[in-house]
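> 3D, please:
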Amino acid sequence: MQIFSGFSMRMARASPDSFSQLINALKTHDADIALGCRLNESTKMPWLRRLGNVLFASTLSLLSSSTLRDTASGMRVVRRTCLPALLPCRTASTSRRP
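Now for the predicted structure:
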C-alpha cells in the first residue's frame, strides 16, 4: 500500500479533486513528488508575473530534465517514503545546531 502526503498553501484556489489527479500522476510516472499548476485559460495572473513564472519554470525545466509549468503553485503531493529526505529542511542556521 502506498501512502502519500498532500498539501496546498492556498486551498481556496485548488479543488480537493486536484489531489487525486496528482496522486494518479505519481503512480503513473512512478514519481516521488507532483506539483500542481495554476496556469490555464481562466488564470487571472498579471502578464508580468505570468512571464516571470514561465521563465523561472523554463529554467528549472532545463536544469532538472523535467517539464515544469508552474513552480510556485503551492500545491504538492509527496510519496510518504520521501518525507524523511525532505524534512526537516535544513538551512545554514539550523545545520549548526547539535
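
> A helix includes Ala34, no?
No - using DSSP: H, G, I helix; E, B strand; the rest coil, the assignment for Ala34 is strand, not a helix.

> state the distance from the closest residue to it other than its chain neighbours to Val78.
Leaving aside its sequence neighbours, Ala34 sits nearest to Leu22 (C-beta to C-beta, 6 or more residues apart in numbering; 4.2 Å). All C-beta spots, glycine's among them, are computed from the backbone N, C-alpha and C. Separation of Leu22 from Val78 (C-beta to C-beta, to the nearest Å): 10 Å.

> ranges for the strands of this structure?
Here the chain has its strands, by DSSP state E, at 4-8, 33-35, 75-79.

> determine which residue lies closest to the centroid of this protein.
Nearest residue to the geometric centre of the chain (C-alpha atoms, centre = their mean): Leu35, 2.8 Å.
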